[in-house]
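Chemist: could you work out the structure for the sequence below:
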Amino acid sequence: MRARPSPPVWDPGTANPKQRQFFASRALYTAYGGAKGGGKTWAVRTKALLGAYYYPGIRILVMRRTYGELQSNLIEPMRQALRPSLARYSAERRSIYFANGSLIRFGHWAEGRSEAEYNGQEFDWIFIDEATQFTWRAFQFLGSLLRGVNDFPKRMYLTCNPGGVGHRWVKRLFVDRQFITGRENPEENENPEDYVFIPATVEDNTALLRCSPGYVRLLSALPEDLRRAYRYGDWEALGGNYFTEFDEAAHTAEPFSLPESWTRYRAFDYGLDMFACAWFAVDGEGRSWLYREYAAPGLVAGEAARQMLLHTLPGEEIEATFAPPDMWSRQRETGRTIADIFFECGVPITRAPNARAQGHLLIKEALRARPDGRPGLVIFRSCRGTIDDLKEIQSDPRDANDCAREPHEPTHRVDALRYYCSSLAAAPREEAEDGYEEDGGMSYIEFMTGRRPDKGEVWY
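Modeler: Just a heads-up that it's a prediction; the model follows:
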């Protein structure tokens, strides 16, 4: 390790015993938290700044789920702690540049856009504040950035509370310590020694109790599940996932050759951020089998249709392909629809109902056990993306009947499944194009991304 410079004249305050454990951990992945009020974010700010001060040239990334939280909880307090002679903050680059060559970069997670932004970058330390707000995919991607040809040990520091889209993977790795082992390729196994969890409650944060003595009463007054989770850090109290009835043992099966007599369908969700398609078969008892999936970002309409055909086997007869209703919205520039492009590419599509809450409840109905004891929907275990998304997608805190729209990453495959279940349940109807309620016309890029092109941008 490089020689340390003289300590800067900066007093971050006194760490409590759990925070000192967090600072001292040498594991590859260290998670800190559990209950609210344990001093998690202060620990992130202090550890990152001290690391940058004391280790010249270190590269640090600090992540939060949303920019608002990043700005108020991390950037502003850390800027106030800086000494101008030792470091400067660049608002344009959202980075702190230190006189000793160290760097702290701040980021918020915007799924595909963040992957494109950070792809290829290297960091020595990565902090994920409120890690349970990040998906498993985000955690894996950020972990891939821990690299660099230098002598700094690569580490990731996480803080967390129960609940959120990442509840399942954080609990598995750090609380339950259930690791993936026994794979043929040893590099794919999870090493238990890499994971350390430091549980903390509000009682550990004596500074908070001294300044806000009523905070404990506020936590104790929460509803029972929230009280157990946020007051005591009980990871069994709060999952937050929407499809609570989904049981991998009951709802999945090893792939097998499907009888040719089973009727087959496709359903997909489409946008520039993600094209997600699923293939279904219905057996003689009316049970649905999700037997194939494909998902990829950045596909224009014609390429999405081509990929759908490429992943459909020769001679595989598809009864219908269910598509989101906005595929029939006419573009202002051409008067055409995205549905037209799919038809021209050899993919006739059928408009699916779009009622979100009703569609998600129909998925729940499909997961329910039938009189023979088996559910109405079974998923091949090769369709790992759909399985993981059903486990991760959260309930909408404003509507208990619906899924949360954010984070958006787990919604695409679930939407494809929703279009399938809704279409099968709907009464037969005429699929006339002019029956769709037009929105007055939208541009192609508005359809694909939900926004207008910025000034000077050209879209093809």
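
Chemist: switch to C-alpha atoms for all contacts and neighbour counts from now on
Modeler: Noted.

Chemist: let me see the contact set for V282.
Modeler: Shown in contact with V282 (CA atoms under 8 Å, 6 or more residues apart in numbering): W262, T263, R264, S288, W289.

Chemist: so the last one makes contact with F280?
Modeler: Yes: using CA atoms under 8 Å, W289 is in contact with F280, at 5.4 Å.

Chemist: where exactly do the strands run in the stretch 251-400 of the chain?
Modeler: 252-253, 263-269, 275-282, 288-296, 320-323, 350-351, 377-380, 395-396, 399-403 (DSSP state E, counting those that start in this stretch).

Chemist: any chance of the ones you listed in TSV, with mean pLDDT too?
Modeler: Shown next, in TSV, are these (pLDDT from 0 to 100):
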stretch	mean pLDDT
strand 252-253	96
strand 263-269	97
strand 275-282	97
strand 288-296	97
strand 320-323	96
strand 350-351	95
strand 377-380	98
strand 395-396	82
strand 399-403	81
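
Chemist: between those strands, which gets nearest to E236?
Modeler: Nearest to E236 among these is strand 395-396; the distance by CA to CA comes to 16.6 Å.

Chemist: what lines up beside the closest one in the sheet?
Modeler: Here strand 395-396 has these sheet partners by DSSP bridges: strand 399-403 (antiparallel).

Chemist: so how far is the helix or strand following the strand it pairs with off the chain centroid?
Modeler: Later in the chain than strand 399-403, the nearest helix or strand by DSSP states H and E is helix 411-425. Distance of helix 411-425 from its chain centroid, counting by CA atoms, centre = their mean, to the nearest Å, is 19 Å.

Chemist: same check, this time on stretch 78-85
Modeler: For stretch 78-85, the gap between its own C-alpha mean and the chain's C-alpha mean amounts to 33 Å (CA atoms, centre = their mean).

Chemist: list the buried residues in that stretch.
Modeler: By 16 or more other CA atoms under 10 Å, the buried positions in stretch 78-85 come out as M78, L82.

Chemist: could you number the chain from 52 rather than 1 from now on?
Modeler: Yes, from this point I'll number from 52; that puts the last item at stretch 129-136.

Chemist: can you give me the mean pLDDT across that stretch?
Modeler: Mean pLDDT, stretch 129-136: 90.

Chemist: start to end distance for that stretch?
Modeler: Stretch 129-136 has an end-to-end distance of 15 Å (CA to CA, to the nearest Å).

Chemist: which residues does T303 contact?
Modeler: V429, I430, F431, R432.

Chemist: and the strands in the stretch 102-251 of the chain, which stretches?
Modeler: Counting by DSSP E, counting those that start in this stretch, the strands of the stretch 102-251 of the chain are 110-115, 138-141, 146-149, 154-159, 176-179, 206-211, 246-251.

Chemist: would you list the ones you listed in JSON lines and tack on distance to Q382 and mean neighbour count?
Modeler: As requested, the strands of the stretch 102-251 of the chain are exported to JSON lines (distance: least, CA to CA, whole Å; neighbours: other CA atoms under 10 Å):
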{"stretch": "strand 110-115", "distance to Q382": "36", "mean neighbour count": "24"}
{"stretch": "strand 138-141", "distance to Q382": "40", "mean neighbour count": "16"}
{"stretch": "strand 146-149", "distance to Q382": "40", "mean neighbour count": "21"}
{"stretch": "strand 154-159", "distance to Q382": "32", "mean neighbour count": "21"}
{"stretch": "strand 176-179", "distance to Q382": "40", "mean neighbour count": "25"}
{"stretch": "strand 206-211", "distance to Q382": "44", "mean neighbour count": "24"}
{"stretch": "strand 246-251", "distance to Q382": "51", "mean neighbour count": "21"}
